[in-house]
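Trainee: quick check, what structure comes out for this input:
(3 chains)
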Amino acid sequence: MIAAVQAVAMITVGVFGALVVVTRDPVRQAVVMGMFGTSLAVLFLVLQAPDVALSQIVVGVAYPLMVLLTLEKVRERKR
Amino acid sequence: MSVRTRLALFGVGAAAALALVVWGLSGIPGFGHYGGSYGYVLNRVALPERHATNVVASVVFDYRGFDTVGEEFILFVSVMAVSLLLRIQRDERERPPRDRAAERTLAGTSDAVRVAGVGLIGPAVLIGLYIVAHGHTTPGGGFQGGAILAAAPMLIYLVGRYLTFRRLNPIHALDVGEGAGAGGFVVVGLIGLVAGIAFLDNIWPKGQPGSVFSAGTLPVLNVSVGLEVGAGLVLILFEFLEQTLMVRGR
Amino acid sequence: MRTLPFLLAAWLLFVGLYGIATSRNFVHLIMCLSVVQSSTYVLLLEVGYRAGGTAPIFKDVPPGTRAVDPVVQALTLTDVVVGVTVTALLLALVLQSHKRSGTLNPDELRPLEG
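Mentor: Residues are numbered from 1 along each chain as shown, chains lettered A, B, ... in the order given. Next comes the predicted model:
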């Protein structure tokens, strides 16, 4: 039973990882990155690592924010 | 070197790396058949020796504490480097953002975001402090709790204007907090050295396993790491916000 | 189920590396780098997994229950947070490089002129 859940979590992580690379526009990629981080946290939880899952979840908050701030700064210089 | 040459070179390198990775992965004992002995020993020994129910925390701060000192300083140096890189250059100055579209109406932050954000600031701080304090008994610890604590100032920025956030001027307090966190860790380790044993040895009184005041140095180290990570992340965010909203070229 | 975990780690590694090699935007490159980093986290946790084991926290289960390896979790835990900080450093570098050269495209960057 738990092996099935783990298999599903792993496949989801693989799909989202590929999606992150394939999305070329950085703004959209930040959103996909958030989804990738969440699926990664679920995988960590199913692999019996609650500490690591907690770290991944809280870090997924700071990450898209920094990326979007950088993109905003870059965009206004291009104007 | 043109793009295609570069890609061809990458293909060759990736194929060689793939061969190595496959060869390496085929030598690992299968998934679920954990082969090392360290895990068995630690799971049996950590609770009686250190009175810490969270074995992962006892590994991070006690059995492998020296690695954590190194990682903490990676974090410290990265924050310092971000502050250094995003400082105001000679040909820039600070100027509050000008409203270039004063004749158009702009939808401000929606009320739903404002209310939800204000409502979440208190719980975020509380949950962050809880996770830092109970890091050695339940999943959590300094790293996670510090990152949650850093979310509270982010929420303040989200629900208000940046200029209001900036008037808090937390830079000095954050600098002191981060330094105290990083230094506190080393000081606790040095206490062990001064007492004649080893650096970061867990010689403090260990109480009842499962209570907050147990496991010797672990709660203290959790607090110092939480302080450092929280202050560091808010500093990084602050630098990025300054750079994006306030710094302008001449 | 025997090969899927390690296949996932190798897949994430090489997909991320491909993204880095063919990237035309620095910020996209940084996010592909974090995909590569996450492949190492996944591999570490899978090596430490013990079939039928639970999390190595003995607050509510009696000590002595079958648990997974705590050492790899300790390694991964600090790694995740430090990885975000290093990403912040890389983003700051990209910002400053954009100010000097005006482009975010790695192919358009010229070598430094003295």
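Trainee: quick one: B:G146 and B:L227 touch, right?
Mentor: Yes: B:G146 is within contact range of B:L227, at 6.9 Å (criterion: CB atoms under 8 Å). C-betas here are computed from N, CA, C, even on glycine.
Trainee: looking at the two, which one has more neighbours?
Mentor: Each of B:G146 and B:L227 has its neighbours counted (other CB atoms under 10 Å in any protein chain shown); B:G146 has more, 29 against 24.
Trainee: nearest spatial neighbour of the more buried one, skipping sequence neighbours?
Mentor: Nearest non-adjacent residue to B:G146, counting by CB to CB, 6 or more residues apart in numbering or on different chains: B:V229, 3.0 Å away.
Trainee: tell me which element that neighbour falls in.
Mentor: helix B:218-245 (DSSP states H and E).
Trainee: tell me the mean pLDDT for that helix?
Mentor: Averaged across helix B:218-245, pLDDT comes to 85.
Trainee: do stretch B:194-208 as well
Mentor: The model assigns stretch B:194-208 a mean pLDDT of 71.
Trainee: so how far is it off the chain centroid?
Mentor: 25 Å (CA atoms, centre = their mean, to the nearest Å).
Trainee: where do the helices sit along chain C?
Mentor: C:4-21, C:26-47, C:70-101 (DSSP state H).
Trainee: quick check: B:E71 touching C:V82?
Mentor: Yes: between B:E71 and C:V82 a contact is recorded at 5.3 Å, counting by CB under 8 Å.
Trainee: in contact with the residue nearest the centre of chain C, which residues?
Mentor: Residue closest to the average C-alpha location in chain C (CA atoms, centre = their mean): C:Q37, at 1.8 Å. Residues near C:Q37 by CB atoms under 8 Å, 6 or more residues apart in numbering or on different chains: C:79, C:83.
Trainee: how would you label B:V212: helix, strand or coil?
Mentor: coil (DSSP: H, G, I helix; E, B strand; the rest coil).
Trainee: where does the closest residue to it other than its chain neighbours sit relative to chain C, distance-wise?
Mentor: Closest residue to B:V212 apart from its sequence neighbours, by CB to CB, 6+ apart: B:A133 at 6.0 Å. Going from B:A133 to chain C by CB to the nearest CB, to the nearest Å gives 14 Å.
Trainee: where in chain C is the helix or strand with the lowest mean pLDDT?
Mentor: The element with the least model confidence among the helices and strands of chain C, by mean pLDDT, DSSP states H and E, is helix C:70-101, at a mean of 87.
Trainee: which of the residues in that helix are classified as buried?
Mentor: Neighbour counts over helix C:70-101 (16 or more other CB atoms under 10 Å in any protein chain shown) mark C:70-95, C:97-99 as buried.
Trainee: who's in contact with A:T12?
Mentor: Applying CB under 8 Å, 6+ apart, the residues near A:T12 are A:39, A:42-43.
Trainee: possible to save those residues as a markdown table with distance to A:A30, neighbour count and pLDDT?
Mentor: Compiled in a markdown table, these are given as follows (distance: CB to CB, whole Å; neighbours: other CB atoms under 10 Å in any protein chain shown; pLDDT from 0 to 100):
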| residue | distance to A:A30 | neighbour count | pLDDT |
| --- | --- | --- | --- |
| A:S39 | 15 | 20 | 94 |
| A:V42 | 19 | 18 | 94 |
| A:L43 | 20 | 29 | 93 |
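Trainee: ok, and the closest non-adjacent residue to the residue of chain A found nearest chain C?
Mentor: Using CB to the nearest CB, the closest approach of chain A to chain C is made by A:V21 at 3.5 Å. Leaving aside its chain neighbours, A:V21 sits nearest to C:G19 (3.5 Å; criterion: CB to CB, 6+ apart).
Trainee: then B:A215?
Mentor: In space, B:A215 is closest to B:A52, 3.7 Å off (CB to CB, 6+ apart).
Trainee: from B:F61, how far out is the one you found?
Mentor: In this view, B:A52 and B:F61 are 9 Å apart by CB to CB, to the nearest Å.
Trainee: overlap in contacts, those two.
Mentor: Contacts common to B:A52 and B:F61, judged by CB under 8 Å, 6+ apart, are B:136, B:218.
Trainee: counting neighbours, go ahead and name the busier of the two.
Mentor: A direct count of neighbours by other CB under 10 Å for B:A52 and B:F61 places B:F61 higher, at 33 against 28.
Trainee: surely that one is in contact with B:T217?
Mentor: Yes: between B:F61 and B:T217 there is a contact under CB under 8 Å: 7.1 Å.
Trainee: for C:F26, what are its contacts?
Mentor: C:F26 touches C:94, C:97-98, C:104-106, counting by CB under 8 Å, 6+ apart.
Trainee: pLDDT score for it?
Mentor: 90.
Trainee: against chain A, how distant is the residue nearest to B:V212?
Mentor: For B:A133 relative to chain A (CB to the nearest CB), the value is 15 Å.
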